[in-house]
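Chemist: here is a sequence together with a model predicted from it:
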Amino acid sequence: MNVQKQPGPDLAPPASSVGVIGWLRKNLFSSAPNTVLTLVAAYLIYITLVPAFQWAFLNADWVGDSREACDSGGACWVFVAVRFDQFMYGFYPEAEYWRINLAFGLLIALMVPLFIEKFSRKGMLAAFILIVYPVIAYYLFSGGAFGLVHVETSLWGGLSLTLVLAGVGIVAALPIGIVLALGRRSGMPIVRAVSVVFIEFWRGVPLITVLFMSSVMLPLFLPEGTHFDKLLRAMIGIVMFQSAYMAEVVRGGLQAIPKGQYEAAQALGLSYWKTMGLIVLPQALKLVIPGIVNTFIALFKDTTLVLIIGLFDLLATIQSAFSDPNWLGYSVEGYVFAAATFWIFCFSMSRYSQALERKLHTGHAR
Amino acid sequence: MILGVVAIANYLFTNTLHNLEQRGISTGFGFLSMEAGFGILQTLIPYDETYTFGRTFLVGLLNTLLVSGLGIFLATLIGFVMGVARLSSNWLIARIATVYIEIFRNIPLLLQILFWYFAVLQPLPQPRQSLDLGGMFFLNNRGFYLPAPVFEAGFNLVWIALAIAVVVVFFMARWARRRQEETGQQFHTVYVSLAILFGLPLLVFLAAGTPLTWELPALKGFNFKGGVTIIPELMALLTALSIYTGAFIAEAVRSGILAVSHGQTEAAYAVGLRPSVTLRLVIIPQALRVIIPQLTSQFLNLTKNSSLATAVGYPDLVAVFAGTTLNQTGQAVEVIAMTMGVYLTISLTISTFMNWYNKKKQLVER
């Protein structure tokens, strides 16, 4: 009798469930309707993406300094390249570009330590960025002191204006939003009523009417002769609008803090402001960081609306470049460039917010 | 604090009155009955230059409601399809949905509106070289031309038949549910309802001698006459609004479906429900509870975002009333207040309705 003492060699796994073919079978061709769906989708991708890719890369023109360089039939990125400085800095004097670069370089340098786990003084650094940095940046942009030439705000433009609007919006909207959120949950009926009306009013109207209001009506509200910068008026509108949204985000965080925290703080004899400042807000704000980032993304996209009241942010600068008689007919390239720029900013922020959400919600992970 | 608020309000109010007097702007709503004297591109109600400013308000309001209503319908459709597609077991379909959502969510809406209008619809051919889709639909840079239905004398009978069918289906559904509760026997309500809803009007339609004809658009002179015209401004706005909001709704739908724990599905299969029934009776009712609040805020956003119409010149409330009418009358305070009032009313109405619906759905839980 022949008894096999050693186990035989492993059989190869069934070809239909592993490897490329198994993957294809499982994910693309699992049933007849799925197969049809896959084939139709693949065909649609083929007929749209291939020409788009050829237009944007293979047949595109990249170098040159006039429209004569664009003769290969694809995208004319020369248009974007020639006007790149304008898209970034607007009508800011060319000799002063270094000031904008310095301001943003400084901001990035200051922000880097915030993302380093081991850096221990994040709170102080954040306070510095939120309070001291805006002053430095204001003088760098506007000048008029420390031997810097004064640059009118009407010359600001391009991507740098978009970033300034978004930056001012977030820095100013956060504290106002926190105050409004506290007001809405306050025990004093009048404070609560004022906060509720304020929040619901700004959340109920479109930003464009707010911008119209701040550019048309604000001068009417103030004493005669008060001169108000157009950019400042737009900023006030954006901050009012965004702080109402911020208030709702913060209120979500406040509601998530268990009642025991409030009661324990009161039992220790802490005053209202100490309870909020030392116990509740630090926990609540940490909970809503993803929500704040999402509000910031919305704010960043909303800054494009200043185009309608005549400020030259990135989109408006690109839009105005289309009317240049030397470069007629390249609107698609311009829009694609604008879309790509906004997309990179917004997508990376949303990825960051998702990563934060995962990091902060460790308690619920299963 | 109350005194402070009152004092500020009083200060702003006297300033405003003083400023208005200085500039010779009259106050009050008397301007609403004055003759407007300007034309409007698209009107749903009779309007020409001789109508009043009050009428421009109505025209603008109806145009806003039209684009919001259509936009909400299309965005919900796109959103549900894409949200489900992102969870599809078909890898390619899920990827396409993901790419769609991530791209369009992160590009500013205004940029998308301008892109569709200036980069896609404006370069379309002149009316004489229109794109001909089957001899019935025509697309050119003046708009999209569709056949218009013409109801002839006997068509009222079809409407009556449809009304009868709806009543019959309503009572049949009630009877079927009661019978199932008493005896456990099921009735094919869906198929029978569909048969009655389509069959009865169709029979009457044929019996009455098909009293419906289509009026085809035809090229006369320099443009098309007859049929229904969708102006390019509306098309650009509608496309951008539904694609942009659709991406957000898709995310809401996905998060709603993911919020239903997998155990629910497994339990439903374990008690012998088929996948389609599981989806309809187990997953969707629970997912809706998560989806509806997010859907509400997206509908509100879409309505408010429709005010971006002013960027491409679609005559909505903001473009017509807060734009042209404001410029002609100069009565900024009244005009902006009325415009904001409309949006506030729409917002509060939609959110009240959705809160009521939400509550009704929530009660199902316990």
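Modeler: That came through, no problem.

Chemist: so where is the chain shaky, pLDDT-wise?
Modeler: Since no chain was named, I'll use chain A. A:1, A:15, A:147, A:223-227, A:361-366 (pLDDT under 70).

Chemist: actually, chain B is the one I wanted.
Modeler: Short version for chain B, where the test is pLDDT under 70: B:1, B:20-28, B:30, B:221-222, B:361-366.

Chemist: centre-most residue in it?
Modeler: In chain B, the C-alpha nearest the mean C-alpha coordinate belongs to residue B:69, at 2.3 Å (C-alpha atoms, centre = their mean).

Chemist: got phi/psi on it?
Modeler: When read as degrees, to the nearest 10, the backbone of residue B:69 gives phi -60, psi -50.

Chemist: what are the buried residues along the longest helix along chain A?
Modeler: As assigned by DSSP state H, the longest helix anywhere in chain A is helix A:331-360. Buried residues in helix A:331-360, defined by neighbour count with 16 or more other C-beta atoms under 10 Å in any protein chain shown: A:331-339, A:341-343, A:345-347, A:349-350, A:353. C-beta: built from backbone N, CA, C; applies to glycine.

Chemist: the residue nearest to the centre of chain B and residue B:348: what is the separation?
Modeler: From residue B:69 over to residue B:348 the distance is 17 Å, taken as C-beta to C-beta, to the nearest Å.

Chemist: that's a helix at residue B:68, yeah?
Modeler: Yes: counting by DSSP: H, G, I helix; E, B strand; the rest coil, residue B:68 is part of a helix.

Chemist: shouldn't it be in contact with residue B:301?
Modeler: No: applying C-beta atoms under 8 Å, one finds residue B:68 not in contact with residue B:301, separated by 10.6 Å.

Chemist: neighbour count winner among these two?
Modeler: residue B:68 (23 against 19; other C-beta atoms under 10 Å in any protein chain shown).

Chemist: who are the neighbours in contact with that one?
Modeler: B:302-303, B:306, B:346 (C-beta atoms under 8 Å, 6 or more residues apart in numbering or on different chains).

Chemist: highest neighbour count among the residues you listed?
Modeler: Result: residue B:306 is most packed of these (other C-beta under 10 Å), 28 neighbours.

Chemist: can I take it that that residue is in a helix?
Modeler: Yes: checked against three-state DSSP, residue B:306 lies within a helix.

Chemist: for the residue positioned nearest the centre of chain A, phi and psi?
Modeler: For chain A, residue A:297 is the residue whose C-alpha lies nearest the centre (C-alpha atoms, centre = their mean; 3.1 Å). Backbone geometry at residue A:297, expressed as degrees, to the nearest 10, gives phi -60, psi -40.

Chemist: quick one, what contacts it?
Modeler: Applying C-beta under 8 Å, 6+ apart, the residues near residue A:297 are A:346, A:349-350, A:353, B:106.

Chemist: try 6 Å this time
Modeler: Contacts for residue A:297 (C-beta atoms under 6 Å, 6 or more residues apart in numbering or on different chains) come out as A:346, A:349-350.

Chemist: then residue A:4?
Modeler: So residue A:4 contacts nothing (C-beta under 6 Å, 6+ apart).

Chemist: just say helix, strand or coil for it.
Modeler: Residue A:4 is classified as coil under three-state DSSP.

Chemist: if we can go back for a sec, nearest to residue A:119, of the contacts of residue A:297?
Modeler: residue A:349 (21.0 Å; C-beta to C-beta).

Chemist: just how off-centre is stretch A:243-250 within its chain?
Modeler: 16 Å (C-alpha atoms, centre = their mean, to the nearest Å).

Chemist: that's a strand at residue B:46, yeah?
Modeler: No: according to three-state DSSP, residue B:46 belongs to no strand; its state is coil.

Chemist: residues in contact with whichever strand or helix holds residue A:317?
Modeler: Per DSSP states H and E, residue A:317 falls inside helix A:314-321. Helix A:314-321 has contacts (C-beta under 6 Å, 6+ apart) with A:83, A:87, A:90, A:157-159, A:162, A:304, A:307, A:334, A:338, B:111.

Chemist: again with stretch A:202-219
Modeler: A:233, A:236-237, A:240-241, A:244, A:302, A:305, A:309, B:304, B:307, B:318, B:322, B:332, B:336, B:339-340, B:343-344, B:347.

Chemist: the nearest residue to residue A:221 once chain neighbours are set aside - how many residues pack around it?
Modeler: If the residues on either side of it in the chain are set aside, residue A:221 comes closest to residue B:12, at 4.7 Å by C-beta to C-beta, 6 or more residues apart in numbering or on different chains. Residue B:12 has 14 neighbouring residues, counting by other C-beta under 10 Å.

Chemist: the one 5 residues further on now?
Modeler: With neighbours defined by other C-beta under 10 Å, the count for residue B:17 comes to 12.

Chemist: which SSE is it in?
Modeler: helix B:2-22.

Chemist: how far does that helix sit from the chain's center?
Modeler: 40 Å.

Chemist: what is it packed up against?
Modeler: Judged by 3 or more C-beta pairs under 6 Å, 6 or more residues apart in numbering or on different chains; DSSP states H and E, the packing partners of helix B:2-22 are helix A:218-221.

Chemist: check which residues of the helix it packs on are buried.
Modeler: A:219-221.

Chemist: buried stuff in the next helix or strand after it?
Modeler: From helix A:218-221 onward toward the C-terminus, using DSSP H and E, the following helix or strand is helix A:230-256. Residues A:231, A:233-251, A:253-254 are the ones in helix A:230-256 that count as buried (16+ other C-beta under 10 Å).

Chemist: again with stretch B:205-221
Modeler: For stretch B:205-221, by 16+ other C-beta under 10 Å, it's B:205, B:208, B:211, B:216-217.

Chemist: please identify which of those residues is nearest to chain A.
Modeler: residue B:217 (28.1 Å; C-beta to the nearest C-beta).

Chemist: what does the stretch 101-250 of chain A have sitting close to chain B?
Modeler: Residues of the stretch 101-250 of chain A lying close to chain B (C-beta under 6 Å from any C-beta of the partner chain) are A:190, A:204-206, A:208-209, A:212-213, A:216-217, A:220-223.

Chemist: PyMOL command to pick out the buried ones of those?
Modeler: Typed into PyMOL, the next command selects the buried ones out of these (criterion: 16+ other C-beta under 10 Å):
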select buried, chain A and resi 204+205+206+208+209+212+213+216+217+220+221
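
Chemist: quick one, domains of chain A?
Modeler: A:25-58, A:78-92+A:151-360 (automatic domain parsing).

Chemist: quick one: closest of those domains to residue A:10.
Modeler: So among the domains of chain A, domain A:25-58 is nearest, using C-beta to C-beta, at 21.9 Å.

Chemist: go ahead and measure how far the closest one is from the middle of the chain.
Modeler: 32 Å.

Chemist: could you do stretch A:112-120 as well?
Modeler: 21 Å.

Chemist: and for stretch B:105-121?
Modeler: For stretch B:105-121, the distance to the chain centre is 18 Å (C-alpha atoms, centre = their mean).

Chemist: now stretch B:188-200
Modeler: Distance, centroid of stretch B:188-200 to centroid of chain: 27 Å (C-alpha atoms, centre = their mean).

Chemist: same check on stretch B:247-263?
Modeler: 22 Å.

Chemist: for residue 161, which non-adjacent residue is spatially closest?
Modeler: All of this refers to chain A. According to C-beta to C-beta, 6+ apart, the nearest residue to residue A:161 is residue A:313 (4.9 Å).

Chemist: wait, chain B was what I had in mind.
Modeler: Per C-beta to C-beta, 6+ apart, closest to residue B:161 is residue B:204, 4.0 Å.

Chemist: what's near enough to touch the one you found?
Modeler: B:157-158, B:161.

Chemist: against chain B, how distant is residue A:67?
Modeler: From residue A:67 across to chain B, the span is 17 Å (C-beta to the nearest C-beta, to the nearest Å).

Chemist: any idea how many residues pack against that residue?
Modeler: 17.
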